[in-house]
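Peer 1: Below are the sequence and a predicted model for it; my questions follow.
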Amino acid sequence: MLSCIRKILFQYFVKNLYRKYEPYYFPIMAKAPKYLNYAYPDFSVQYFITTFGENETITIEGIIPKYKINFFSFTLYEKNGLPYYSKNDYTINIMKETEELIYYKETFTTLEYSALIIRFYVKKQYENDNFYNYLPSLSENKIFQKFEAVEQNSVKVGNILQDRIKEQNNIKEESLQNHYFFKPARDKLNNLFPNANAEYLIAFPKTFLLLITIKTEVFTQEDYRFIGFMTSNYETTATDNSISLEEGDTNYRIWVCFKKDIKLLQNVPFDPLVDKVLCWDDTNKHPILVYREVRIQKKGLQLLDDETEPSELRKIMNYPEIEYF
């Protein structure tokens, strides 16, 4: 009963956020760790958010710099933080396409007060670029703010959302004993604004020195686009660090520990020329590991609504194995 009340109050809070920022043109951005470090973000992804009222018909028109990104999408979210309409750079209505750019135009109608989130999964060499310049024009007139105001809004909203999500207590005590990657039930993603083309696995560490091994899927324009890992905080959903695996059909070894424990890598079979390192911040009291994959086709993990254990996941994917030390 108490958890239901908390969810209702959180959705009421989110709806009020939608209304507060509705007059403005993309007033909020997410570029972790500095801006809106919420909902397990990957550091290579830039998100931009605007909101609309209910039953509004909106046309967006813009350009996708496909040479700079691994993936692009726009998604509409209800006040519960779950998506109800989404298009990506493969399914979007393309007006013209060149070797470097996609010109698109899309029209949609909101079902209720909604957030529109535009995502750019950025290639490593362009991570310092500001993708605010690639946001679309809107058929609805909105107020433009200076980018400094967008930055300030984003920090403020991020801090508020982190405080609010702590009250939700979505993690059951027994889940904390899941020390290997499992898929949480889809309804556990409430209030986390998941990418409609992404699926997630999570694991709660048994020790604080571990090795993840994975062979990435083959990446193509038509299907797999991205695989990444995050060291995060399950209480605040903030990410401490992340690694994006942009090369497909490749074997990776990723060592994970707290920053203060990096010296422990001297005592394990760590190869600095090949292996990667991913760390939690030393202040993180609620560590969690998050795996994210982005694919276009509705297959594999995207077909699973219920919580799924490692034994079943190994049958349908290149499963990220964990070895503890």
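Peer 2: That came through, no problem.
Peer 1: which regions of the stretch 101-250 of the chain sit below the pLDDT cut-off?
Peer 2: 168-174 (pLDDT under 70).
Peer 1: Where do the strands of it begin and end?
Peer 2: Residue ranges of the strands in the stretch 101-250 of the chain, as given by DSSP state E, counting those that start in this stretch, are 101-109, 114-122, 137-138, 198-203, 209-215, 224-233, 239-245.
Peer 1: who does the shortest one pair up with?
Peer 2: Looking back up the chat, that one is strand 137-138. As defined by DSSP bridges, the strand partners of strand 137-138 come to strand 57-65 (antiparallel).
Peer 1: Also the longest one?
Peer 2: Under the criterion DSSP bridges, strand 224-233 sits next to strand 239-245 (antiparallel), strand 287-295 (antiparallel) in its sheet.
Peer 1: can you list those strands in CSV and add distance to A115 and mean neighbour count?
Peer 2: Just so you know, the C-beta spots here come from the backbone N, C-alpha and C atoms, and that holds for glycine as well. Below are these laid out as CSV (distance: least, C-beta to C-beta, whole Å; neighbours: other C-beta atoms under 10 Å):
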stretch, distance to A115, mean neighbour count
strand 239-245, 20, 21
strand 287-295, 19, 22
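Peer 1: of all those, which lies closest to F270?
Peer 2: The minimum distance between F270 and the strands paired with strand 224-233 falls on strand 239-245, with 15.2 Å, by C-beta to C-beta.
Peer 1: Downstream of that closest one, the next helix or strand is which one?
Peer 2: For strand 239-245, the following helix or strand on the C-terminal side (DSSP states H and E) is strand 251-258.
Peer 1: How is the chain divided into domains?
Peer 2: Taking automatic domain parsing as the reference, the chain has its domains at 2-166, 173-324.
Peer 1: Throw the strands paired with strand 224-233 into TSV and include distance to Y24, thanks.
Peer 2: Converted to TSV, those look like this (distance: least, C-beta to C-beta, whole Å):
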stretch	distance to Y24
strand 239-245	26
strand 287-295	28
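Peer 1: And those strands: which comes nearest L278?
Peer 2: With distances scored as C-beta to C-beta, the stretch of these nearest to L278 is strand 239-245 (5.3 Å).
Peer 1: just the CA coordinates of that closest one, formatted as PDB?
Peer 2: Output in PDB follows, covering the C-alpha atoms of strand 239-245 (Å, rounded to 0.1, in the frame of the first residue of the first chain):
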ATOM      1  CA  THR A 239      26.100   6.700 -12.700                       C
ATOM      2  CA  ASP A 240      29.700   6.900 -11.400                       C
ATOM      3  CA  ASN A 241      31.400   5.700 -14.600                       C
ATOM      4  CA  SER A 242      30.600   4.000 -17.800                       C
ATOM      5  CA  ILE A 243      32.200   2.100 -20.700                       C
ATOM      6  CA  SER A 244      30.800   2.000 -24.300                       C
ATOM      7  CA  LEU A 245      31.700  -1.000 -26.400                       C
END
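Peer 1: which other residues reach that strand?
Peer 2: Identification of contacts with strand 239-245 by C-beta atoms under 8 Å, 6 or more residues apart in numbering yields 32-33, 37, 40-44, 70, 121, 124, 214, 216, 226-233, 252, 254, 276, 278-281, 284, 290.
Peer 1: Would you mind checking the residues you listed for buried ones?
Peer 2: Buried members of the contacts of strand 239-245, counted by 16 or more other C-beta atoms under 10 Å: 32, 37, 40-44, 70, 121, 214, 216, 226-233, 252, 254, 278-281, 284, 290.
Peer 1: any idea how far the residue located most distally from the centre of the chain lies from V274?
Peer 2: The C-alpha centroid of the chain is most remote from N267, which lies 33.4 Å away (C-alpha atoms, centre = their mean). Relative to V274, N267 is positioned 18 Å away (C-beta to C-beta, to the nearest Å).
Peer 1: same thing with L245?
Peer 2: Distance, L245 to V274, by C-beta to C-beta: 14 Å.
Peer 1: For A198, see how far away the residue farthest from the centre of the chain is.
Peer 2: Using C-beta to C-beta, N267 is found at 35 Å from A198.
Peer 1: roughly how far apart are the most centrally placed residue in the chain and S114?
Peer 2: Centroid-nearest residue in the chain: P41, 4.4 Å away (criterion: C-alpha atoms, centre = their mean). P41 sits 20 Å away from S114 when distances are taken as C-beta to C-beta.
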